[in-house]
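Participant: Could you look at this predicted model? Sequence included:
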Amino acid sequence: MSPASRLEITPEIVKQMETIVAARVESQGTPGIFATLFQGDQLLWEVGTGVRLVGGEAPDSNTTFRIASCTKSFTITALLKLRDEGKLNLDQRITDFVPEFSFSTLSKSKTVPTLRHLASMSSGLPTDDPWADRQESITPEELREIVQAGVLATSTTGELFQYSNLGFALLGLAIEKASGRDFREFVSTEILKPLGMNQTGFNASDFQESNLAKGYRKAEEGWVELPFSASGSFSSIGGLFSSARDLRTWSHWLNSALDEGAEEFGPLSAASRREMQFISTPTLPSSELGTLPKNGGRVSGYGLGLFVEYDQRFGQFVSHSGGYPGFSSHMRWHVPTGLSVVALENATYSGAMATAIAILESALEGLNYELPKPEIWPITYEFAGKADALIRNWDGDLADQIFSENVELDIPFAERRASISRLVEGVGGLSQSTEIVAEKSDSPVHMVWKIPGRQGELRCEIRLTPNFPPKIQTFRVRSEAF
């Protein structure tokens, strides 16, 4: 993609977004929420509603929230940094780093997952959110004891998406062994510090009490405050605290890697950041961690530490949610425009994902955003014009000139010529206009256009070969009635 032009957020869009945010608190969905919309490093809108702690003030852009599984993108950044430094290989088995790893007798598969399997949520280990969220403080020794006793593999390694926090805890151990440093210290020193993310860290005690959002769960008697768990060997699954201000920095840094000519800055190359943002493991439509039902037409999956969606109307989105006892978070960016959102809430699994999606898509709706039409190269138009002329008046020399050898081998020219004659007769002859108007394309060397007739029209399609100079490799003509 090219760097997007700056977007102007209208008062109508702001009103809609503020309504979405206010409804979260008014409906008792969360005690407090902070949400922000931005494009690149430009702040477009932000608002804090409710309270950061019961009886206190509203959260602001510097308020520290637990961001839970948004941490996974930091864990993958650490993993890829070590990979790029030659200190590990993603295709190494986890037993190279955690030799205690073993399968239970109940396991469907006993193929040891690689670091890549774990990072892309295709290890075969089952979804484990409620259990894993309460394991954060355990020691490395306790984690090794868990996997030594045997893990459950409920699908074949590499077969399908299952959201495994245990897998990311194991990646934390791999990072420690490959780096020779504590996971939390490595992330803080090698990732957070170079990006200037001074409002992000692994311990609640590192932040000012007055600006720290407290986490709550909903009970009959109202909001019940929950204690912060201490960091430990499960911190690689969701242990970070951060602010909306810092998450804007983080989202922009990741998203900027998708720009053409992306700048090389920060702890990880643009190429490795891009690697995180393309689907490695497709998610099933039924997955509760996949795309929301309202967006069921999207193709979605897990990259490396990030979810990726492709929407027919809006294009590519990249995101990750976080849910922990007392907190919910979501960061999301729209790749074609760079329009991004962060939403932070202080209630258990409260639904920041739905909030963030509603904010971002209401902005895109308000901007009347549509995906730009695919680029079609001039040489494709040139070949389309020649193919159009051939349809109107078959010429053997022209056919030999524009088609690759497969076209006649697939269907002999005499048969093609006879078929086209019947199609032309079926639509009552063709119009005299020779203007070529592209109707559809999926690449610069592909084009669909139509030739009007008196009683219908011909749908024509070409695709060029990948070599230079190209010729037409796909040539299709069919009739369509008015």
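Facilitator: Received, thanks. Numbering: from 1, shown residues only.
Participant: Residue ranges in this protein under the pLDDT threshold?
Facilitator: The model of the chain has pLDDT under 70 over residues 1-4, 286-297.
Participant: can you do 80?
Facilitator: 1-5, 284-297, 481-482 (pLDDT under 80).
Participant: Walk me through the domains of it.
Facilitator: Per automatic domain parsing, the domain ranges recorded for the chain read 11-366, 378-481.
Participant: mind giving me a markdown table with those and columns for mean neighbour count and distance to residue 5?
Facilitator: To be clear about C-beta, it is placed using only N, CA and C from the backbone, and glycine gets the same treatment. Output for the domains of the chain, formatted as a markdown table (neighbours: other CB atoms under 10 Å; distance: least, CB to CB, whole Å):
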| stretch | mean neighbour count | distance to residue 5 |
| --- | --- | --- |
| domain 11-366 | 20 | 8 |
| domain 378-481 | 15 | 22 |
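Participant: Next, format these as a markdown table and append distance to residue 372.
Facilitator: Shown next, in a markdown table, are these (distance: least, CB to CB, whole Å):
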| stretch | distance to residue 372 |
| --- | --- |
| domain 11-366 | 8 |
| domain 378-481 | 12 |
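Participant: helices or strands up against the helix or strand that residue 19 is a member of?
Facilitator: Using DSSP states H and E, the element containing residue 19 is helix 11-26. With contacts defined as 3 or more CB pairs under 8 Å, 6 or more residues apart in numbering; DSSP states H and E, helix 11-26 has these neighbours: strand 32-39, strand 42-50, helix 352-366.
Participant: how about these in JSON lines, adding distance to residue 439?
Facilitator: Below are the helices and strands packed on helix 11-26 laid out as JSON lines (distance: least, CB to CB, whole Å):
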{"stretch": "strand 32-39", "distance to residue 439": "32"}
{"stretch": "strand 42-50", "distance to residue 439": "35"}
{"stretch": "helix 352-366", "distance to residue 439": "25"}
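Participant: closest to residue 67 out of those?
Facilitator: Closest of the helices and strands packed on helix 11-26 to residue 67 is helix 352-366, at 9.7 Å (criterion: CB to CB).
Participant: what's next to the next helix-or-strand element following that closest one, contact-wise?
Facilitator: Using DSSP H and E, the helix or strand that follows helix 352-366 in sequence is helix 378-392. With contact meaning CB atoms under 8 Å, 6 or more residues apart in numbering, helix 378-392 is reached by 395, 398-399, 401-402, 420, 424, 430, 434, 436, 438, 444-447, 449, 451, 458, 460, 462, 464, 470-472, 475, 477.
Participant: Select from those every entry located in helices.
Facilitator: 398, 399, 401, 402, 420, 424 (DSSP state H).
Participant: Which strand or helix spans the closest residue to residue 183 other than its chain neighbours?
Facilitator: Take residue 183 and drop its neighbours on the chain: the residue closest to it by CB to CB, 6 or more residues apart in numbering is residue 172, 4.5 Å away. Using DSSP H and E, residue 172 falls within helix 165-179.
Participant: Can I get that helix in CSV? Just the C-alpha atoms.
Facilitator: Extracted as CSV, the C-alpha positions of helix 165-179 are listed here (Å, rounded to 0.1, in the frame of the first residue of the first chain):
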residue,chain,number,x,y,z
ASN,A,165,-2.1,-19.3,25.6
LEU,A,166,0.0,-22.2,26.9
GLY,A,167,1.7,-22.1,23.5
PHE,A,168,2.7,-18.5,24.0
ALA,A,169,3.9,-19.2,27.5
LEU,A,170,6.3,-21.8,26.0
LEU,A,171,7.4,-19.1,23.5
GLY,A,172,8.4,-17.0,26.5
LEU,A,173,10.6,-19.8,27.7
ALA,A,174,12.1,-20.1,24.2
ILE,A,175,12.9,-16.4,24.1
GLU,A,176,14.6,-16.6,27.5
LYS,A,177,16.8,-19.5,26.4
ALA,A,178,17.7,-18.0,23.1
SER,A,179,18.5,-14.6,24.6
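Participant: Report all helices and strands that that helix contacts.
Facilitator: Using 3+ CB pairs under 8 Å, 6+ apart: helix 165-179 touches helix 72-84, helix 115-119, helix 129-132, helix 140-148, helix 183-187, helix 235-238.
Participant: Serialize those helices to CSV and add fields for distance to residue 38.
Facilitator: Below are the helices and strands packed on helix 165-179 laid out as CSV (distance: least, CB to CB, whole Å):
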stretch, distance to residue 38
helix 72-84, 17
helix 115-119, 27
helix 129-132, 29
helix 140-148, 37
helix 183-187, 23
helix 235-238, 23
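Participant: Which residue ranges of the stretch 201-350 of the chain form helices?
Facilitator: 235-238, 244-256, 270-275 (DSSP state H, counting those that start in this stretch).
Participant: possible to save the ones you listed as JSON lines with distance to residue 100?
Facilitator: Shown next, in JSON lines, are those (distance: least, CB to CB, whole Å):
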{"stretch": "helix 235-238", "distance to residue 100": "17"}
{"stretch": "helix 244-256", "distance to residue 100": "33"}
{"stretch": "helix 270-275", "distance to residue 100": "29"}
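Participant: is it true that residue 482 touches residue 457?
Facilitator: Yes. Using CB atoms under 8 Å, residue 482 is in contact with residue 457, at 7.1 Å.
Participant: Let me see the contact set for residue 183.
Facilitator: 75, 78, 172, 173, 175, 176, 235, 236.
Participant: One more pass at 10 Å, please.
Facilitator: By CB atoms under 10 Å, 6 or more residues apart in numbering, the contact list for residue 183 reads 74-75, 78, 140, 169, 171-176, 202, 231-233, 235-236, 239.
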